[in-house]
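Trainee: Model the following, please.
(2 chains)
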Amino acid sequence: MPLNTRVEKSEPVDTDSTNKLNWDDLYVSKEYRMLVRAKRRFIIPALVFFTAYYTLLLVIQGYFPEIASKPVIGSLNFGYLYSLSQIPVAWVLCYAFIRYSQKKIDVLGKELMEKSRQ
Amino acid sequence: MAIFMFIGLIALTLGITYWSANRVKNATDFYAAGRSISGLQNGLAIAGEYMSAAAFLGISGLIAFKGIDGFLYSVSWYVAFVVVLFVIAEAVRNTGRYTFADIISYRLREKPVRSAAALNTLIISLLYMIPQMIAAGVLIRLLFGIPASVAIIITGVLMTIYVMFGGMIATTWIQIIKAVLLLVGAYALAMLTLSHFNFNPNTLFQSMSQFDPKYLEPGGLIQNPLDRLSLGIGLLFGTAALPHILMRFYTVSTANKARSSVLWGMTFIGLFQILTPILGFGAALLVGVNVIANADKGGNLAAPLLAQFVGGGAGSIGGEFFMAFLSAIAFVTVIAVVSGLALAASSAFAYDFWIKVVRGGRENHKEQLFISKATALGVGAISIILALLLQNVNVAYLTGLAFAIAATANLPVLVFSLFWKRLTTTGAIVGMIGGLIVAIALVLMGPQFAGEDALFPLSNPGLVSIPVGFLITFVASVLTEKEHNSESKYREIAVRSQSGIGAE
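Mentor: Residues are numbered from 1 along each chain as shown, chains lettered A, B, ... in the order given. As a prediction, the model looks like this:
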């Protein structure tokens, strides 16, 4: 089966070609620096924001139950709506990251890949 | 009626296993489905892995008994994917082959590190599996009146067959089918429930608050605010270190697919999680808290009983049909989830321990496949025995313990090996074994286990144990000598994990 032979072939991680790569050169290269910087520029602020957004839910529910119990839309109270909002907020952040990585990160990754082949 | 649905679904999953068995030719097929899974398929499988018996049966029951606090579990399990996507998914795909130990053993001494990681994976997976198997036992006992022990054995045997013969290919496809069925079933149930409340969630919530206003307020389940923080933080960071979730990222071929599979997974899981308050409140109002409690003290039958009610009531054709349908899905849910866990556990032993440690990394495809299957059989047998022994014990804390161990013992080492140059083998071992001990000790000393005499005030150790895990890994690394070649090895893993160069 053709599919199967392909898999067999790619079995060892350290193929000869990757063993010969000079990781030190790649590590200090401009392309690698830019790739890492582009990732950090998105991930660090997004992660800090989301951890805070979520921790606030735990704090409000735990320490300020009266705020959580305040009705906002009909019987739906703030605690419930804020809990519910975690789901779309997390989804949008992740969606934004994927769009960003397709536009920026994958392009920079390709450049680094090109460099490794030189 | 119920028996035909169960048999039909089981026949379907066995058919998938038979189909997959012909496709499992080597270790990559067995552990990583030949890296042939697409982003959407893997997303559905992640959703399947995640929508467990706890998420469906457990949470709807908790909300029916304790109110909106139970929804915190649904939300926290969900948001954990932010951490998985941002910190772990891509690096895992870029750096490893089959297990998360591939990453941490990369620049450290392989044998001790893999042994410790394999031990943690086995313990975490077994702790996670046993409550699920016991839930399956309860479900079958209540529907068919067969003893729970027989039901546990049936579950365990089916799981072993799926994993042994179908490996990751069968496990993935069973997860996908089950995820679709569960979503369809849960939406049908939620819509029929809302039809009793003018299709308006607000009316449902209003009726709930007229029944008892406490249902809409926090504090029904978790009274201590610190406990809430600890639980939340543990769940937020624990997922990113669960071996069976990490393993899913090896089934796709690129980092891009790994990322999109997380988003697909989040889409399906989110659609499911927003339903749990509707199911829980609906069950409390329509079925009644006492009826649910009489059927099962843990509340695990709230959703099936709700299905019976909205389908037309006990004894009616619609009611019995819908309850049987949902119970059969719940049962397939359990076996699908335990299969994923059994696969993670057997890969830890067969690949990390047997091939890499005992055999010193000399790979022989035939032997590796044989050992993997034999281990799957062993894991199946052990889990059946443990589930039988523990079936009368309250096992609710076991799943929490699995998350706590994952976050405490695996996460620091995983993060440090990707982002911190100075991590040493001793540091990693101290972090993994020490973290395991700290997490277990804090749970045993906590109120969930020790009750009134608890030495440690929190039921969920995450808030304390995760920082301790990071700290001991850090201190033990700094106190020991740098690894041989540490600088160049770190550079290599950094470039590999960030770029995917040289990834299989």
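Trainee: Next, count neighbours for the residue of chain A found nearest chain B.
Mentor: Residue nearest to chain B within chain A (C-beta to the nearest C-beta): A:Gly62, separated by 2.8 Å. The C-beta positions use only the backbone N, C-alpha and C, and glycine is treated the same way. A count of nearby residues for A:Gly62, using other C-beta atoms under 10 Å in any protein chain shown, gives 20.
Trainee: go on, B:Glu49?
Mentor: Counted by other C-beta under 10 Å, the residues lying close to B:Glu49 total 27.
Trainee: Name the helix or strand for it, please.
Mentor: Using DSSP states H and E, B:Glu49 falls within helix B:39-50.
Trainee: just B:Gly435 next, same as before
Mentor: Assigned by DSSP H and E, B:Gly435 belongs to helix B:435-445.
Trainee: And the next helix or strand past that helix?
Mentor: As assigned by DSSP H and E, the chain's next helix or strand after helix B:435-445 is helix B:447-450.
Trainee: in that next one, what's buried?
Mentor: Neighbour counts over helix B:447-450 (16 or more other C-beta atoms under 10 Å in any protein chain shown) mark B:447-448 as buried.
Trainee: List the contacts of the next helix or strand after it.
Mentor: Following helix B:447-450 in sequence order, the next helix or strand is helix B:462-479 (DSSP H and E). Here helix B:462-479 makes contact (C-beta atoms under 8 Å, 6 or more residues apart in numbering or on different chains) with B:226, B:229-231, B:233-235, B:237-238, B:403-404, B:407-409, B:411-413, B:415-416, B:420, B:422-424, B:426-431, B:434-435, B:438-439, B:442, B:456, B:458.
Trainee: go with 7 Å
Mentor: B:226, B:229-231, B:233-234, B:237, B:404, B:407-409, B:411-413, B:416, B:422-424, B:426-428, B:430-431, B:434-435, B:438-439, B:442 (C-beta atoms under 7 Å, 6 or more residues apart in numbering or on different chains).
Trainee: Can you point out the buried residues in that helix?
Mentor: Neighbour-count burial for helix B:462-479, counted by 16+ other C-beta under 10 Å, picks out B:462-466, B:468-470, B:472-474, B:476-477.
Trainee: Counting by contacts, list what the worst-scoring helix or strand of chain B on mean pLDDT packs against.
Mentor: For chain B, counting by mean pLDDT, DSSP states H and E, helix B:396-405 ranks last in confidence among helices and strands (a mean of 75). Secondary-structure packing of helix B:396-405 (3 or more C-beta pairs under 7 Å, 6 or more residues apart in numbering or on different chains; DSSP states H and E): helix B:110-144, helix B:225-238, helix B:435-445.
Trainee: what's the following helix or strand after it?
Mentor: Next helix or strand after helix B:396-405 toward the C-terminus (DSSP H and E): helix B:411-419.
Trainee: quick one: that following helix to helix B:225-238, angle?
Mentor: Put simply, helix B:411-419 runs at 40 degrees to helix B:225-238, going by axes from the mean of the first three to the mean of the last three C-alpha atoms, to 10 degrees.
Trainee: now the following helix or strand past helix B:411-419, how far from the centre of its chain.
Mentor: Where DSSP H and E defines the elements, the next helix or strand beyond helix B:411-419 is helix B:425-429. Taking C-alpha atoms, centre = their mean, to the nearest Å, the mean C-alpha location of helix B:425-429 is offset from the chain mean by 26 Å.
Trainee: Just the C-alphas of helix B:425-429, formatted as PDB.
Mentor: Provided in PDB are the C-alpha atoms of helix B:425-429 (Å, rounded to 0.1, in the frame of the first residue of the first chain):
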ATOM      1  CA  THR B 425      17.400  15.500  34.600                       C
ATOM      2  CA  THR B 426      17.300  15.600  38.400                       C
ATOM      3  CA  GLY B 427      15.000  18.700  38.200                       C
ATOM      4  CA  ALA B 428      12.600  16.900  35.900                       C
ATOM      5  CA  ILE B 429      12.600  13.700  38.000                       C
END
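Trainee: What lies in contact with that helix?
Mentor: Helix B:425-429 is contacted from outside by B:104, B:108-109, B:112-113, B:116, B:413, B:473, B:476-477, B:480, B:483, using C-beta under 7 Å, 6+ apart.
Trainee: Surely B:Cys460 touches B:Leu226?
Mentor: Quick fix: residue B:460 is Asn, not Cys. No - shown here, B:Asn460 and B:Leu226 do not form a contact pair, counting by C-beta atoms under 7 Å, at 9.5 Å.
Trainee: who has more neighbours, these two?
Mentor: Using other C-beta under 10 Å, the more surrounded residue of B:Asn460 and B:Leu226 is B:Asn460, with 29 against 16.
Trainee: check contacts around the more buried one.
Mentor: Counting by C-beta under 7 Å, 6+ apart, B:Asn460 touches B:227, B:230-231, B:234, B:400, B:404.
Trainee: Now for B:Val289: which residues touch it?
Mentor: Residues counted as contacts of B:Val289 (C-beta under 7 Å, 6+ apart) are B:64-65.
Trainee: let me redo that: A:Ser75
Mentor: B:202, B:205-206, B:209, B:216.
Trainee: Just put those residues in JSON lines and tack on distance to chain A, neighbour count and secondary structure.
Mentor: Shown next, in JSON lines, are those (distance: C-beta to the nearest C-beta, whole Å; neighbours: other C-beta atoms under 10 Å in any protein chain shown; DSSP: H, G, I helix; E, B strand; the rest coil):
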{"residue": "B:Asn202", "distance to chain A": "4", "neighbour count": "13", "secondary structure": "helix"}
{"residue": "B:Phe205", "distance to chain A": "4", "neighbour count": "24", "secondary structure": "helix"}
{"residue": "B:Gln206", "distance to chain A": "4", "neighbour count": "17", "secondary structure": "helix"}
{"residue": "B:Ser209", "distance to chain A": "5", "neighbour count": "19", "secondary structure": "helix"}
{"residue": "B:Leu216", "distance to chain A": "6", "neighbour count": "23", "secondary structure": "helix"}
